[in-house]
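**Student:** generate coordinates for the sequence data below:
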Amino acid sequence: MDIDKELLEKVADYFTIVHHTPGRIRLRASAALKAEFGGGAGNVETILEAIKNIPIIKNIKLNLLIGSVVVEYDAKQFNPSLWESWLRKEHLDEVMSLFSGAIEK
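**Tutor:** Numbering: from 1, shown residues only. Okay, the predicted model is just below:
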């Protein structure tokens, strides 16, 4: 999965922050996400598996029942404030660079 600006913007369209502490963030998925990916758990899980391969991401827990995702990440490599910026569609080049750089290592 290539991480580009378009993908980052699309993710930002579908998620809002519920709770965030450095190294752990809970996101709520919008109902539009289900429509975009057909609502199949397999589709969402495929995407999450690809994201888990980014070394900055330590773990992802999906709760399909309530539509939330908990992401555990390395706060030393990915500044916690970038999550808020990303979901506001700000500093996307920096987010993309960090994710891409982590994959290449």
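
**Student:** I'd like to know how many residues surround the residue nearest to P80 when sequence neighbours are not counted.
**Tutor:** Spatially, and ignoring its direct neighbours in sequence, P80 is nearest to P22 (4.5 Å; CB to CB, 6 or more residues apart in numbering). Where you see a C-beta, it was placed from the backbone N, CA and C, and this is true even at glycine. P22 has 14 neighbouring residues, counting by other CB atoms under 10 Å.

**Student:** my guess is P22 contacts S81. True?
**Tutor:** No - P22 is beyond contact range of S81, at 9.5 Å (criterion: CB atoms under 8 Å).

**Student:** give the rounded mean pLDDT of stretch 78-97.
**Tutor:** The average pLDDT within stretch 78-97 is 93.

**Student:** repeat that for stretch 33-48.
**Tutor:** 65.

**Student:** that older thread, report pLDDT for the residue nearest to P80.
**Tutor:** 97.

**Student:** same question for D4.
**Tutor:** Reported pLDDT for D4: 81.

**Student:** just the pLDDT for the residue nearest the centre of the chain.
**Tutor:** Taking CA atoms, centre = their mean, the centroid of the chain lies closest to V11, which sits 6.7 Å from it. Here, the pLDDT recorded for V11 equals 83.

**Student:** equivalent analysis for K52, please.
**Tutor:** Per the predicted model, pLDDT is 79 at K52.

**Student:** which residues does the nearest residue to it once chain neighbours are set aside bridge with?
**Tutor:** Once flanking residues are discounted, K52 sits nearest to I60: 5.6 Å by CB to CB, 6+ apart. Beta bridges link I60 to V71, judged by DSSP bridges.
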